[in-house]
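J.: Need the 3D shape of this:
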Amino acid sequence: MPPAAAIRDDAFSAAALPIWAAPDATLAAAGAEGELLASRIRVPIVGLLLIVPTWKVVFLPYESANVNTLFIGSIIAAIVIVIWLVLERGARRSWIGFATSAFDVTAVSAVLLTFFVAVSPLQGLNRGLTFELYFLALMATCLRNDTRICLAAGTLALAQYGALWIAGAVSSDLNDPSFVAKAGPYIPTDLATRLLLLVLATLTAVMIVHRAQRVLYLAARDRLTGLYNRGHFDRALEQAVGSAMRHPLPLSLVILDIDHFKRINDDHGHARGDQALRTLAQRLATAMRSTDLVARYGGEEFVVLMTGTPPEAALARIEAMRVTIAGETLTTRKGDSFVLNFSAGVAGTPTDSCFAPDASVSDAAEVLLVLADERLLAAKRAGRGRCFGPETVLHERPPLRRSLGEERLRRSSEHRAQ
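T.: Next up is the predicted model:
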């Protein structure tokens, strides 16, 4: 088994990750928010860009290129609205960022192709204002917080514009005076410079995202243990609860607390207390599934969010882990030894009725936290070194007593009904 500090070291090596690495849950969540923002921004931008071709069609209807441009622009606008509506309804897929970024780049190429076919190949290649929209599309990839999307979009822009250039050079004489009269001179070095600028824009976007990834990664991590911190957990909990409320899937929350942590600090020093925290953090990170979220909630408290797991299964898993840890002895550098143990409270659906039909996501998340915390406190009062779930707590206290979590849910539902 790797040393307890290994997870902490790995957590702060984000800058060393290759640029083609897939983002973790923190970056993926930020990327999903950025994707939604991009969809909202895309709508007014396309609307503004349609003003000029619309004006030209009204006042210069005899130019077919203007009609074709408006037609292509209208199709693009319709697709943009569909993307926005789909994302507003909560669609979250890992491939969406790639698809929408490819759409942005291809939309620019489609407009250039319209001029390429309707006017002349040189007009499509020299169309300066339209070409500059490539840079807007490449900068928008930064909102996805995924360097792979930046690279993919940049490569696609290079390929599509390069293909236009090759097609124009092969199919016609780009130095034809009739082309030059309408589109300006054909200067190969200028077109090569454009390709170079696309490369530079892509690399700039990659560097911006790579830097932002490190900042976001560090902001979501606890520096001592390398686990997620409370801020990230709170956001992830609301997202998980919202998903569980929309889809009837199990969801469990575990709150655990190291037993007699103050005694460890007092008897062995704060360095040994830190060792205990890092050891438990590493064991939690190793024992949980990749779909589970483990975070340090504060002090000696940790939380585990298990999607797709009912509380009975979560209780069994966390109790098995507690028994394993409690059977081991940690030794300090001075030769002293102590036993690490913890208590835990488990809450979740569908066993706990946490989600009232009219409850908000934040209210339901708070109820889940309160129920798990109540059971942790009950485990502490019962002598520590044990894990309590829904059935255990109901057995330990009078059944007529309404828990604080259930009471908060009832009050929240009544308040919203008024």
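J.: so where's the stretch 251-400 of the chain shaky on pLDDT?
T.: Counting by pLDDT under 70, the stretch 251-400 of the chain shows low-confidence ranges at 332-335, 354-358, 392-400.
J.: After the helix or strand containing residue 210, which helix or strand is next?
T.: Assessed by DSSP states H and E, residue 210 sits inside helix 188-219. Later in the chain than helix 188-219, the nearest helix or strand by DSSP H and E is helix 230-246.
J.: buried stuff in the helix holding residue 210?
T.: 191, 194, 198, 201-202, 204-206, 208-210, 212-214, 216-217 (16 or more other Cβ atoms under 10 Å). Every C-beta, even on glycine, is put in place using the N, C-alpha and C of the backbone.
J.: what's the angle between it and helix 230-246?
T.: 100 degrees (axes from the mean of the first three to the mean of the last three Cα atoms, to 10 degrees).
J.: roughly how far out does helix 188-219 sit from the chain middle?
T.: 21 Å (Cα atoms, centre = their mean, to the nearest Å).
J.: Same question for stretch 251-265.
T.: With Cα atoms, centre = their mean, you get 28 Å for stretch 251-265.
J.: go on, stretch 312-330?
T.: Mean C-alpha position of stretch 312-330 versus that of the full chain (Cα atoms, centre = their mean) differs by 30 Å.
J.: Ok, stretch 35-52 next?
T.: Here stretch 35-52 is found 23 Å from its chain centre; the criterion is Cα atoms, centre = their mean.
J.: Extract the C-alpha trace of that stretch and format it as PDB.
T.: Output of stretch 35-52 as PDB, limited to C-alpha atoms (Å, rounded to 0.1, in the frame of the first residue of the first chain):
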ATOM      1  CA  GLU A  35     -20.400  25.000 -21.500                       C
ATOM      2  CA  LEU A  36     -23.700  26.400 -20.400                       C
ATOM      3  CA  LEU A  37     -22.200  29.900 -20.300                       C
ATOM      4  CA  ALA A  38     -20.900  29.400 -23.800                       C
ATOM      5  CA  SER A  39     -24.300  28.400 -25.000                       C
ATOM      6  CA  ARG A  40     -25.900  31.500 -23.500                       C
ATOM      7  CA  ILE A  41     -23.200  33.800 -25.000                       C
ATOM      8  CA  ARG A  42     -23.400  32.100 -28.400                       C
ATOM      9  CA  VAL A  43     -27.100  33.100 -28.900                       C
ATOM     10  CA  PRO A  44     -26.600  36.900 -28.800                       C
ATOM     11  CA  ILE A  45     -23.300  36.700 -30.700                       C
ATOM     12  CA  VAL A  46     -24.900  34.900 -33.600                       C
ATOM     13  CA  GLY A  47     -27.900  37.300 -33.500                       C
ATOM     14  CA  LEU A  48     -25.500  40.300 -33.800                       C
ATOM     15  CA  LEU A  49     -23.600  38.600 -36.700                       C
ATOM     16  CA  LEU A  50     -26.800  38.200 -38.600                       C
ATOM     17  CA  ILE A  51     -27.500  41.900 -38.700                       C
ATOM     18  CA  VAL A  52     -25.100  42.700 -41.500                       C
END
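J.: now the angle from the host helix or strand of residue 366 to helix 230-246?
T.: Using DSSP H and E, the element containing residue 366 is helix 361-381. Counting by the same axes, to 10 degrees, helix 361-381 lies at 110 degrees to helix 230-246.
J.: list the buried ones in helix 361-381?
T.: Neighbour counts over helix 361-381 (16+ other Cβ under 10 Å) mark 361, 363-380 as buried.
J.: what comes into contact with the following helix or strand past it?
T.: Going down the chain from helix 361-381, the next helix or strand is strand 387-388, by DSSP H and E. Strand 387-388 is contacted by residues 256, 315, 318-319, 322, 343-346, 375-376, 378-379, 382, 396 when judged by Cβ atoms under 8 Å, 6 or more residues apart in numbering.
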